[in-house]
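S.K.: kindly generate the corresponding structure for this input.
(2 chains)
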Amino acid sequence: MTLFIEQLINGLQLGTMLFLMASGLTLVFGVMGLINLAHGSFYMVGAYATALVTAATGSFFVGLAAGIAVAAAVGALVELIVIRRLYHRPHLDQVLATFALILIFSEGTRWLFGSSPLWLNPPAMLAGSVTLPGGLRYPIYRLVIIAVGVAVAVGMYFLITRTRLGMRIRAGESDREMIGALGVNIARLYTLVFAMGAALAGLAGAMVGALQSVQVGMGEPVLILAFVVIVIGGIGSIKGALYGAILVGVVDTLGRVFLPAFFRQFMSPSEAAGVGSAIAAMLIYIMMAAILAFKPKGLFAANE
Amino acid sequence: MKKLASLGLGLLMTAGMTAAQADEVRIGMITTLSGGGSHLGVDVRDGFMLAMERSGRDDVRVLIQDDANRPDLARSLSNEFMQRDNVDILTGIIFSNLAMAVVPAAVRQGVFYISPNAGPSDLAGRMCHENYFNAAYQNDNLHGAMGAYMREQGFERPIILAPNYPAGTDALAGFKHLYEGEVVDEIYTQMGQTDYAAEIAQIRASNADSLFFFLPGGMGISFMKQWENSGVELPVFGAAFSFDETIIKAVGSAAIGAMNTSLWAYDLDNEANHAFVEAFRDTYDRMPTLYAAQGYDTANLILSALDKAHPSDQDAFREALREADFASVRGEFRFGPNHHPIQDIYVREVVEGEDGQPTNRLIGIAVEDIQDVYHTQCQM
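M.R.: The predicted model follows:
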């Protein structure tokens, strides 16, 4: 039972991290109609900036702030230099151009910092584990990640429903031409939204980088999961991204542990481990296919 | 006309071959210098070139190409080396799946292949070849040796973990082969996985008394960092692939205390090794890894054979390679009948070094004169 609860928390933690990635991705698609494959690069940029500044200053929190700021700045720059030219181009051009950005970011990072992973650990005050009610020991840092994810989700909700910027974002989602005609500076709105998405990706990269390893290409596996999340949740919907992320996080985590255990009922342990982990790897894609069969636009499709 | 052209082309090619065969020996190195796992290729290359430089020979030319960890690219590079550059010897490949794409075809075409790292079971067994030598290890060696060591140390309930791909399943099979007991559970992770919360929870819930894992490269870094903060306190064991000097520096204090098996250690006490470690540090300003040691040994093996014969005299050169008449940095070294090493496998512990950074310290020998089980399937 504690194993099940621990895995649920693990799933929730993966889900909140995916939400940070997916919300930026879905916002950019919803507001600007842009498919951005380079979103994973901002994740990497955030992690690298955090690792470097943490190493230089000795403080993880200064590093984290720098990571978010650098990711946002790089996002804004990329929007001004490249993305801006892609809004009126077909999706295929956008995919090609942003794929090129992935290659440029990856090779550029390798060129600057080498291909060995950088060292980044959670701060000492967040290291170790605590005993939760029920006797379960759980790493503090992962609980902090969940808290940060929830805080960002609540913050996004207020930003979008209660502020002027949020109103413009919602307006941009439902009718891009009209909001321009009403005198809103569309170009600035787009840069702002894009930089915001990049900052969230940078935050996710920095938080997760301390837990995993900071290295070239770390963003791409997460990007794939983030795309699954926004397809399941409904492209362009923040609410969909939240539910999709938690669904993917929990299903993926539980599948990885309990499918091999399930197959062990009628197979030898090593066969069960092989078959179980192979099916667990496909599980979220099977779930995505099933959801799309019933709801072709995802769970919470944005208004088209 | 067409006939004439192809005849001319044929003449040109033969002319090219005789020119290359005249004197100079050409070695083509295909290794992983970019993408995931590139620090392995960089170290093999640097160790190899260090030995070449120290030999002072100017009649050996080494051509180096990056395979970017892609089998298709490795395959086409090998064709380029054989057909355009007329190399006598190929070497360099890091990953087993790339070796399988290149080696069988290359040795059939009369080129020697000397492996500085990858040692897939097929090439040691049923697909062995007289022109294929492995100067590093057969893939099972290090995992099997750790199985034997853990049994000897009295661990009775290990839980074992590896990625779900050929070298991962081989690793666990190799471990179980020499551990010779029941394992509590075996866990397969996805290739390239970065979050191990689910697996760590599973290990916590099992009643294992020890953990053995094989997670090369970045996967091992992520795992060890998450392991440290999880509060699970089991002794950790693995093969050196998860604990090379580059990896433990990135893991930091979380790696301290882990035991790992290796065919080489920088504090191994023999003359060749002292010279190698010192020269490597002077030249490249970093600590050598086992990959660098393998590259260095591979080059010295080739050089020892070149002292006796030119590769164009295939039989004499092959015989010279078989003798393995060089001072290996790992101490004693000899080839089995399938051209794979029979060697001691050592145990190292990760400890805090003088500079506060984690480093490996030699503990002792895990298994003496280990030999792979596949040599009985090899018909040369």
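
S.K.: those strands in chain A, which residues are they?
M.R.: Along chain A, the stretches classed as strands by DSSP state E are A:129-132, A:136-139.

S.K.: where does chain B have its least confident helix or strand?
M.R.: One helix or strand of chain B scores below all others by mean pLDDT, DSSP states H and E: helix B:2-21, with a mean of 48.

S.K.: downstream of that one, the next helix or strand is which one?
M.R.: Where DSSP states H and E defines the elements, the next helix or strand beyond helix B:2-21 is strand B:25-31.

S.K.: who does that next one touch, helix- and strand-wise?
M.R.: Strand B:25-31 sits against helix B:38-55, strand B:60-66, helix B:71-83, strand B:89-91, with contacts defined as 3 or more C-beta pairs under 8 Å, 6 or more residues apart in numbering or on different chains; DSSP states H and E. C-beta coordinates here come from the backbone N, C-alpha and C atoms, glycine included.

S.K.: next, format these as CSV and append mean pLDDT, distance to chain A and mean neighbour count.
M.R.: Listed next are the helices and strands packed on strand B:25-31 as CSV, based on pLDDT from 0 to 100; distance: least, C-beta to the nearest C-beta, whole Å; neighbours: other C-beta atoms under 10 Å in any protein chain shown:
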stretch, mean pLDDT, distance to chain A, mean neighbour count
helix B:38-55, 94, 4, 23
strand B:60-66, 95, 11, 17
helix B:71-83, 95, 16, 18
strand B:89-91, 97, 21, 26
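
S.K.: tell me which of those lies nearest to B:Ile248.
M.R.: Nearest of the helices and strands packed on strand B:25-31 to B:Ile248, taken as C-beta to C-beta: helix B:38-55 at 12.4 Å.

S.K.: and that closest one, how far from the chain's centre?
M.R.: Relative to its chain's centre, helix B:38-55 lies at 13 Å (C-alpha atoms, centre = their mean, to the nearest Å).

S.K.: how about stretch B:343-357?
M.R.: 18 Å.

S.K.: please see if it touches chain A.
M.R.: No. Counting by C-beta under 8 Å from any C-beta of the partner chain, chain A is not contacted by stretch B:343-357; separation bottoms out at 9.6 Å.

S.K.: got the CA coordinates for that stretch in PDB?
M.R.: Below are the C-alpha coordinates for stretch B:343-357, written out as PDB (Å, rounded to 0.1, in the frame of the first residue of the first chain):
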ATOM      1  CA  GLN B 343      42.500 -11.000 -17.500                       C
ATOM      2  CA  ASP B 344      42.000 -10.200 -13.900                       C
ATOM      3  CA  ILE B 345      39.000  -8.000 -13.000                       C
ATOM      4  CA  TYR B 346      39.500  -5.600 -10.100                       C
ATOM      5  CA  VAL B 347      37.200  -4.100  -7.500                       C
ATOM      6  CA  ARG B 348      37.300  -0.400  -6.800                       C
ATOM      7  CA  GLU B 349      35.500   1.700  -4.200                       C
ATOM      8  CA  VAL B 350      34.500   5.300  -4.800                       C
ATOM      9  CA  VAL B 351      36.100   7.400  -2.100                       C
ATOM     10  CA  GLU B 352      36.600  11.100  -1.400                       C
ATOM     11  CA  GLY B 353      39.900  12.100  -3.100                       C
ATOM     12  CA  GLU B 354      42.500  14.600  -1.800                       C
ATOM     13  CA  ASP B 355      40.800  17.500  -3.600                       C
ATOM     14  CA  GLY B 356      37.400  16.600  -2.000                       C
ATOM     15  CA  GLN B 357      36.100  15.200  -5.300                       C
END
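
S.K.: avg pLDDT for that stretch?
M.R.: Taken as a whole, stretch B:343-357 carries a mean pLDDT of 92.

S.K.: can you tell me how far A:Ala244 is from chain B?
M.R.: Heads up, residue A:244 is Gly, not Ala. 18 Å (C-beta to the nearest C-beta, to the nearest Å).

S.K.: who's in contact with B:Lys308?
M.R.: B:316-317, B:320, B:323, B:325 (C-beta atoms under 8 Å, 6 or more residues apart in numbering or on different chains).

S.K.: now it: how far from chain A?
M.R.: Distance, B:Lys308 to chain A, using C-beta to the nearest C-beta: 38 Å.
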